[in-house]
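>>> Next one to model:
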Amino acid sequence: MDYTWLLIGSGIGLVVGAVAARLFSLKQFGQHKLQQELDESRKQLSQYRLDVSEQLETTNQLMSQLQDNYSRIARHVQQSKMQLVEQPVSARDEVNFFAADTTQHIKQSLHQLNERRRQHSQVETAKRLFWRSQWLD
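Coordinates of the predicted model:
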């Protein structure tokens, strides 16, 4: 009889030990799986940072090129203005096709036209500012 209880106790101990070992191995497996997921997330984060860094570097290069192009355009416009608009007209280059009074009348008309444009521009600017302030309120 003593052996029977010993065999029953050993069997129960064996079953309890097997269940405990199984639970422990599942816990270890879960930790291992979490560690793998953590490592994968770190790799993805590292790759993302590298991609963002490359994107910012490309954007920086493009902005530098844009600034250079803008500077070249501004110089070109300034040079063209100097060549085309601001060249002094000498008296011998000016050919007058009209009489002096007609020329004076044309100049006065152009001055009045420019004055109307300037006034119209001021009115339009005032209207835009008014509507912008109304819209923002």
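>>> residue boundaries of the helices in this protein?
2-84, 100-136 (DSSP state H).
>>> which stretch in the ones you listed is the model least sure about?
The minimum mean pLDDT among the helices of the chain belongs to helix 100-136 (a mean of 79).
>>> need the helices of the chain in CSV with mean neighbour count, can you?
Every residue, glycine included, has its C-beta placed from N, CA and C. Converted to CSV, the helices of the chain look like this (neighbours: other Cβ atoms under 10 Å):
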stretch, mean neighbour count
helix 2-84, 10
helix 100-136, 10
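>>> Quick check: Phe130 vs Arg117, distance?
20 Å (Cβ to Cβ, to the nearest Å).
>>> ditto for Asp101
Distance from Asp101 to Arg117, by Cβ to Cβ: 25 Å.
>>> Likewise for Leu34?
With Cβ to Cβ as the criterion, Leu34 and Arg117 are 74 Å apart.
>>> distance of Gly30 from Gln36?
11 Å.
>>> Pick out the residue closest to the middle of this structure.
Thr59 (8.3 Å; Cα atoms, centre = their mean).
>>> Roughly how far does that residue sit from Ser46?
In terms of Cβ to Cβ, Thr59 sits 21 Å off from Ser46.
>>> ok, now Ser133?
Taking Cβ to Cβ, one finds Ser133 at 50 Å from Ser46.
>>> Arg128 now?
51 Å.
>>> Is Ile106 in contact with Ala100, as I believe?
No. At 10.9 Å, Ile106 and Ala100 do not qualify as touching, with contact defined as Cβ atoms under 8 Å.
>>> Identify the contacts common to these two.
Common contact partners of Ile106 and Ala100 (Cβ atoms under 8 Å, 6 or more residues apart in numbering): none.
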